[in-house]
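Novice: pasting the sequence and the predicted model now:
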Amino acid sequence: MRTIVDLPEEQIAGLADLCEQERISRAEAVRRAVADYLKARHSTERGSYFGMWRNRGIDGVEYQRKLRDEWR
């Protein structure tokens with residue numbers, strides 16, 4: 001997929017430096033950055049939300065009912 005991304009000048013300069021050091025294209029650097037970002041977000045979301053109500057001592061369904069009662 002081709003896309004256009006607007007970046008501030010300082011990020012463009014930093015990206016150019018990185019690409020020169022790594023000997024990769026800007027497109028490759030952006031692909032790697034997006035892959036790293038998605039990987040980090042995916043693992044963080046799973047790890048931080050799964051089981052988060054486990055030690056609350058509150059029934060999840062009862063909590064939902066109380067919240068919905070506020071809307072009435």
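Specialist: Structure received.

Novice: for the rest of this, base every contact and every neighbour count on C-alpha atoms.
Specialist: Will do.

Novice: sec struct for Y63, please.
Specialist: helix (DSSP: H, G, I helix; E, B strand; the rest coil).

Novice: what pLDDT is listed against it?
Specialist: Reading off the confidence values, Y63 has pLDDT 87.

Novice: ok, R32 to L38 distance?
Specialist: Distance from R32 to L38, counting by Cα to Cα, to the nearest Å: 10 Å.

Novice: my bad, should have said Q64
Specialist: 30 Å.

Novice: with just CA atoms, put the helix or strand of the chain with the lowest mean pLDDT into PDB.
Specialist: Sorting the helices and strands of the chain by mean pLDDT, DSSP states H and E puts helix 26-49 at the bottom, at a mean of 84. Listed in PDB are the C-alpha atoms of helix 26-49, where the atom choice follows Å, rounded to 0.1, in the frame of the first residue of the first chain:
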ATOM      1  CA  ARG A  26      12.800   5.400   4.200                       C
ATOM      2  CA  ALA A  27      10.000   3.000   3.200                       C
ATOM      3  CA  GLU A  28      11.700   0.100   5.000                       C
ATOM      4  CA  ALA A  29      12.300   2.200   8.100                       C
ATOM      5  CA  VAL A  30       8.600   3.200   8.200                       C
ATOM      6  CA  ARG A  31       7.500  -0.400   7.600                       C
ATOM      7  CA  ARG A  32       9.700  -1.500  10.500                       C
ATOM      8  CA  ALA A  33       8.400   1.300  12.700                       C
ATOM      9  CA  VAL A  34       4.800   0.400  12.000                       C
ATOM     10  CA  ALA A  35       5.400  -3.300  12.700                       C
ATOM     11  CA  ASP A  36       7.100  -2.500  16.000                       C
ATOM     12  CA  TYR A  37       4.300  -0.100  17.000                       C
ATOM     13  CA  LEU A  38       1.600  -2.700  16.200                       C
ATOM     14  CA  LYS A  39       3.400  -5.500  18.000                       C
ATOM     15  CA  ALA A  40       3.900  -3.300  21.100                       C
ATOM     16  CA  ARG A  41       0.300  -2.200  21.100                       C
ATOM     17  CA  HIS A  42      -1.100  -5.700  20.600                       C
ATOM     18  CA  SER A  43       0.900  -7.300  23.400                       C
ATOM     19  CA  THR A  44       0.300  -4.400  25.800                       C
ATOM     20  CA  GLU A  45      -3.400  -4.400  25.200                       C
ATOM     21  CA  ARG A  46      -3.700  -8.200  25.900                       C
ATOM     22  CA  GLY A  47      -1.500  -8.100  28.900                       C
ATOM     23  CA  SER A  48      -3.100  -5.200  30.600                       C
ATOM     24  CA  TYR A  49      -6.800  -6.000  30.100                       C
END
